[in-house]
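> Quick one: sequence and predicted model below, then my questions.
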Amino acid sequence: MAIHAIQLVPIEQVQLHPQNPRLIKDNRFEQLVQSLIDFPDMLHARPLVVDEDFIVLGGNMRLHAALRLAYAEIPVMQVTGWSDAQKREFMIKDNASFGEWDFSILANEWSEEPLGAWGIDLPKDWLEPEEEATSSGSGSGDSPDGEEEEEYKPEPRMIITFPSAEDLQHAEADVQELLDRKYPGARFTVQVGERNG
């Protein structure tokens, strides 16, 4: 088995894998195309993985996007000597999502980034405060008395998950006590919902 260095090859030399079970549709595909437009160097940092016949094992959707954008060449990393079973295993594992997003870190450290446009599946309530602010106004950006309204800025928030409802109940009193003592004016709400992931 050998894994070769990244090389640029003519895009017509690379073939989509006909049995790759990974799909990308409509809006998600458009986001992928836009991501290649916005950040083309990422394709060089994460090249397609191809076998000895230049059939894609990893990156079928990126190849679709590059074809849409009429790329002449595409970076690939070629692997040779893999069995059919290894190729099939790679195709699945390359697309599997073993991890989960830490939405607390995303909300606190990455909230200014266009995460949805970058392909992150955000919780349904991620944009609720902003949507409420924009839908409650007149839509013109002006207040009824003619003065411009202040730009909406989402409230900083922290998301804490608990392994059980019992742990959540015990924590509520502790959190309220901490807020009253150290952070007057801060408030918290409890929302029980489905697990993400």
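Ah, there it is. Residues are numbered from 1 along each chain as shown.
> mind listing the helices for this protein?
Secondary structure of the chain (DSSP state H): helices at 26-38, 41-45, 60-68, 84-95, 103-109, 128-136, 165-182.
> Could you tell me the least trusted of these?
Per-stretch mean pLDDT for the helices of the chain is lowest at helix 128-136 (a mean of 47).
> returning to that earlier point: for the helices of the chain, which one sits closest to Glu12?
With C-beta to C-beta as the criterion, Glu12 lies closest to helix 60-68 of the helices of the chain, at 9.3 Å. For the C-beta atoms, the positions are set from N, CA and C on the backbone; glycine is no exception.
> quick one: the closest one to helix 84-95, angle?
With axes from the mean of the first three to the mean of the last three C-alpha atoms, to 10 degrees applied, the angle from helix 60-68 to helix 84-95 works out at 80 degrees.
> Going forward, count from 15.
Fine by me, first position is 15 from now on; the one you just mentioned is helix 74-82.
> What lies in contact with helix 74-82?
Applying C-beta atoms under 8 Å, 6 or more residues apart in numbering, the set of residues contacting helix 74-82 from outside is 25, 28, 30-31, 34, 36, 38, 43, 46-47, 49-50, 57, 60, 62, 70, 88.
> Using neighbour counts, trim those residues to the buried set.
Among the contacts of helix 74-82, those buried by neighbour count (16 or more other C-beta atoms under 10 Å) are 25, 28, 31, 34, 38, 46-47, 49-50, 57, 62, 70, 88.
> Pick out the most distant pair among these.
With C-beta to C-beta as the measure, no two of the buried ones among the contacts of helix 74-82 lie farther apart than His31 and Ser49, at 21.1 Å.
> Geometric centre of the chain: which residue is closest?
Ile134 (2.0 Å; C-alpha atoms, centre = their mean).
> Look at the residue nearest to that one when sequence neighbours are not counted and say how many residues are nearby.
Closest residue to Ile134 apart from its sequence neighbours, by C-beta to C-beta, 6 or more residues apart in numbering: Trp115 at 6.6 Å. By the measure other C-beta atoms under 10 Å, the count of residues near Trp115 is 16.
> Now Ile173: closest residue in space, sequence neighbours ignored.
Ile173's closest residue in space is Ser118 (C-beta to C-beta, 6+ apart), at 4.4 Å.
> Ok, Trp132 next?
Ser49 (6.8 Å).
> How about the contacts made by that neighbour?
When contacts are counted by C-beta under 8 Å, 6+ apart, Ser49 touches Met56, Ala79, Ala131, Trp132, Gly133.
> domain parsing for the protein?
Each domain of the chain is listed here as a residue range: 16-109, 117-149+167-196, per automatic domain parsing.
> which of the ones you listed sits most buried?
Most buried of the domains of the chain, by mean neighbour count (mean count of other C-beta atoms under 10 Å): domain 16-109, with a mean of 15.
> That one spans what distance, first to last residue?
End-to-end distance for domain 16-109, by C-alpha to C-alpha, to the nearest Å: 21 Å.
> do the same with stretch 88-105
So stretch 88-105: terminal residues 19 Å apart, C-alpha to C-alpha.
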